[in-house]
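Asker: sequence-free structure coming up:
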Ligand SMILES: CC(C)(COP(=O)(O)OP(=O)(O)OC[C@H]1O[C@@H](n2cnc3c(N)ncnc32)[C@H](O)[C@@H]1OP(=O)(O)O)[C@@H](O)C(=O)NCCC(=O)NCCS
């Protein structure tokens with residue numbers, strides 16, 4: 001768990017240990033606001049909390065961001081399923097802080113993990129640049145992976161590249 005006070009705002013980043021109703025609802029709210037039809041629901045989120053790693057960003061005790069990592073069968077790899085922030089908190093540097101804190105938790109707590117894979121919208125320059133800043137490399141491209149016309153780049157971020165480019 002990491003704690004930080006920024007301009008009198010209390011910021012915490014922590015792993016969710018139990019799928020309690022209140023936590024599920026708050027995370028699903030962030031998902032819906034960020035991904036619409038692609039948002040996950042309780043039947044997906046609860047198993048992720050139990051079997052994978054769901055990390056939340058709290059701003060003044062309010063759950064305001066979510067990161068979800070799924071363990072892959074390849075021993076040294078996790079899949080970064082979600083990174084999202086409530087709209088009202090975007091564009092102020094919190095996304096970057098939360099991304100770095102989340103990935104740092106995974107690499108620190110799990111020394112065998114050396115790679116984080118995820119999919120990125122090829123048309124969304126912001127997201128592409130956001131991840132490339134950490135040395136992430138594109139390894140593949142999937143056409144219509146999330147439905148007709150919803151293409152994604154497949155990207156990998158290594159432990160070494162991450163720690164060379166981290167900013168906090
Ligand atoms: C992706 C996301 C978490 C980023 O969080 P954020 O708080 O908006 O980002 P930050 O304010 O930390 O900005 C990070 C960097 O991007 C830049 N940036 C922020 N908003 C931007 C925008 N709309 N266009 C271009 N650059 C932008 C910032 O200037 C900063 O760059 P810097 O480090 O050079 O200063 C957030 O936008 C989000 O939840 N989006 C919806 C869900 C999503 O698309 N998730 C990612 C794919 S799963």
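Answerer: Received the coordinates, thanks. This is a predicted model, so every value here is computed, not measured.
Asker: The ligand contacts on this structure?
Answerer: Contact residues (Cβ under 6 Å from any ligand atom) of the chain with the ligand: 34, 82-85, 90-96, 126-127, 130. The C-beta positions use only the backbone N, C-alpha and C, and glycine is treated the same way.
Asker: Any idea which residue of this structure lies closest to the ligand?
Answerer: Closest approach between the chain and the ligand, counting by Cβ to the nearest ligand atom: residue 95, at 1.7 Å.
Asker: who's in contact with that residue?
Answerer: 65, 83, 85, 130 (Cβ atoms under 8 Å, 6 or more residues apart in numbering).
Asker: Tell me the spacing between it and residue 131.
Answerer: As judged by Cβ to Cβ, to the nearest Å, residue 95 and residue 131 stand 11 Å apart.
Asker: How about residue 113?
Answerer: Per Cβ to Cβ, residue 113 is found 17 Å from residue 131.
Asker: where do the strands sit along this structure?
Answerer: Applying DSSP state E to the chain gives strands spanning 2-6, 9-15, 53-59, 62-71, 77-85, 115-120, 137-142, 152-158.
Asker: So residue 45 sits against residue 29, correct?
Answerer: No - using Cβ atoms under 8 Å, residue 45 makes no contact with residue 29, being 11.3 Å away.
Asker: Show me which of these two is the more surrounded one.
Answerer: More crowded of residue 45 and residue 29, by other Cβ atoms under 10 Å: residue 45, with 23 against 14.
Asker: Kindly state the pLDDT recorded for the more buried one?
Answerer: Looking at residue 45, its pLDDT stands at 98.
Asker: From residue 31, how far out is it?
Answerer: From residue 45 across to residue 31, the span is 8 Å (Cβ to Cβ).
Asker: And residue 168, by the same measure?
Answerer: Noted for residue 168: a distance of 25 Å to residue 31, by Cβ to Cβ.
Asker: close enough to count as contact, residue 103 and residue 159?
Answerer: No - counting by Cβ under 8 Å, residue 103 stays clear of residue 159, with 9.1 Å between them.
Asker: Many thanks, have a good one.
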